[in-house]
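[1] Based on what follows, work out the 3D shape:
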Amino acid sequence: MDQQGQNGLLRTFRESWRNRGPIGLVTSGGLISFYLLLYFTDRIDPIAASLGFRSKWLFYGFVYCLLMIAGAAYYLSKHGNSRYNRVRIATNVGVQVALAFTLPLVMPMFGQPEFYFSYVWPLDWYKLHPQTLQAVPVYLAVYSLGTALLAAPLLAYFFGKRWYCSWVCGCGGLANTFGDPWRHLTSNSTRSWRFEKFFVHAVMFVAVISTFLLFLVHFVNEPSSAFHTYVAGDQWWSMKRLYGAVVGSILAGVVGTGLYPIFGPRVWCRNFCPMAAMLGLFQKLGRFRIAVKPNMCISCGNCTTYCEMGIDVRSYAQSNQSFTRAACVGCGMCAHMCPRGVLKLENAPRLQPEKRRQGLPIVDL
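    Numbers count the residues shown, from 1 in each chain. The predicted structure follows:
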């Protein structure tokens, strides 16, 4: 049974701190309070300085790495019998420690800017701002443009959005590890799916349009104009400042992480992340899917319970339908928790001879 990925299944609903009880509410309140202090006050700065960090953001990166490492140990203690899980989590933690903490920490020591390689536009919305591209060395500007406009879409087409959302991204990494105890709290209702589809694509649209407007302002180059003031001004109500506060701080941090113990670990990724929305569109056009072995599902519901993106995987398995969902981050937990090996993550051409022989339909939603 352990080899079928069931290790830790029964503990999910027996541990009170993993449900929406008093402990969960207190934990959520603590996380929300921390992010409010981090983003909107200077109270973290003295703590960071006393520990030798040159900014509160590097101190936050250090805490972030510790939470991911501790969460990874917890996750692997339950699900480390899967090689996919071991490699995925090790890669995710390694990328965070190396590219999102160590390199930004040491680069200024060599006269280079503090640069976070693992965050890509439009997740890191500032990466493609004209001022940012001008301020960094040419190789970093080329890296930012190449990863956002070429590498990310191509990799999502061939391998699905999992290459980023479950293997590279720090937001997804925290959800994969520290947030794993609450993955079963993610709603799979139709209402939550409709909410997700509207808001995640709305934020993506705003990210793309606002980046275009910032380029337009830059090339028009009239700082005294009303257009410049409303788009790129220093006032709190300018588009640039509002996007950073609402999307970058409130949705990504305060709501996205603070509500882990209430709504599951992928609140940000599922409902608001513009990168997840964009990669999801390429995923639907590409080669990634979850394949279903026909006539084997016993309707236990483990796959749906453990889907951190709120996908009702069981309904597809019951209908013998392989499927591609834009929301799926390819964490593999649905396949890992299936007691009969019904599900499999695939990167393959759409028309496969074995699928035609089996008469197995492929569904795109």
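[2] List the buried residues of stretch 119-132.
    Tyr119, Val120, Trp121, Pro122, Leu123, Asp124, Trp125, Tyr126, Lys127, Leu128, His129, Thr132 (16 or more other C-beta atoms under 10 Å). For glycine as for every other residue, the C-beta is placed from the backbone atoms N, C-alpha and C.
[3] Who are the contact partners of Ile32?
    Val254, Gly258, Leu259 (C-beta atoms under 8 Å, 6 or more residues apart in numbering).
[4] Longest helix in this protein, by number of residues?
    The longest helix of the chain (DSSP state H) is helix 190-220.
[5] Pull the distance from that helix to the chain's centre.
    Averaging C-alpha positions (C-alpha atoms, centre = their mean, to the nearest Å) puts helix 190-220 16 Å from its chain's average.
[6] hey, what's the nearest residue to Phe159 once chain neighbours are set aside bridged with?
    Spatially, and ignoring its direct neighbours in sequence, Phe159 is nearest to Asn347 (5.4 Å; C-beta to C-beta, 6 or more residues apart in numbering). Asn347 forms beta bridges with Phe288, as assigned by DSSP bridges.
[7] how about stretch 311-327: buried residues?
    Under the neighbour-count rule (16+ other C-beta under 10 Å), stretch 311-327 has 311-314, 316-317, 320-327 buried.
[8] Please work out the average pLDDT along that stretch.
    For stretch 311-327, mean pLDDT rounds to 94.
[9] Quick check, Phe115 in contact with Pro137.
    No - the criterion here is C-beta atoms under 8 Å, and Phe115 misses it with Pro137 at 9.0 Å.
[10] Looking at the two, which is more packed in?
    Phe115 (17 against 12; other C-beta atoms under 10 Å).
[11] if we can go back for a sec, unless I'm mixing things up, the residue nearest to Phe159 is touching Arg287, no?
    Yes - Asn347 is within contact range of Arg287, at 4.9 Å (criterion: C-beta under 8 Å).
[12] who touches both of the two?
    With C-beta under 8 Å, 6+ apart, Asn347 and Arg287 have common neighbours Phe158, Phe159, Gly160.
[13] Just the closest of these to Gly341, please.
    Ranked by distance to Gly341 (C-beta to C-beta), these are led by Gly160 at 20.1 Å.
[14] how close does Ile69 get to Trp57?
    Counting by C-beta to C-beta, to the nearest Å, the gap from Ile69 to Trp57 is 19 Å.
[15] where exactly do the strands run in the stretch 151-300 of the chain?
    Using DSSP state E, counting those that start in this stretch, the strands of the stretch 151-300 of the chain run over residues 288-292.
[16] Phi, psi for Pro113 please.
    Backbone dihedrals for Pro113, given as degrees, to the nearest 10, come out at phi -70, psi 160.
[17] Next, the closest residue in space to it that isn't next to it in sequence: phi, psi?
    Nearest non-adjacent residue to Pro113, counting by C-beta to C-beta, 6+ apart: Val136, 5.5 Å away. Dihedral pair for Val136: phi -100, psi 160, per degrees, to the nearest 10.
[18] List the contacts of Val136.
    Pro113, Phe115, Ser144.
[19] Stretch 209-227: which residues count as buried?
    Neighbour-count burial for stretch 209-227 [16+ other C-beta under 10 Å]: Ser210, Thr211, Leu213, Leu214, Val217, His218.
[20] What of stretch 132-144?
    So for stretch 132-144, counting by 16+ other C-beta under 10 Å, buried means Thr132, Leu133, Val136, Leu140, Ala141, Tyr143, Ser144.
[21] Report how many residues lie close to the residue lying closest to Leu216 once chain neighbours are set aside.
    Nearest non-adjacent residue to Leu216, counting by C-beta to C-beta, 6+ apart: Val231, 7.8 Å away. Using other C-beta under 10 Å, Val231 is surrounded by 18 other residues.
[22] Which neighbouring residues are in contact with Val231, exactly?
    Ser210, Leu213, Leu214, Leu216, Val217, Ser238, Met239, Lys240 are the contacts of Val231 under C-beta under 8 Å, 6+ apart.
[23] Could you work out the most separated pair of those residues?
    Pairwise over the contacts of Val231, using C-beta to C-beta, the maximum falls at Leu216 and Ser238, 14.3 Å.
[24] list the contacts for Pro349?
    Arg287.
[25] you'd agree it is in a helix?
    No - looking at Pro349 with DSSP: H, G, I helix; E, B strand; the rest coil, it is coil, so not inside a helix.
[26] any idea how far Trp163 is from it?
    Pro349 is 18 Å from Trp163, by C-beta to C-beta.
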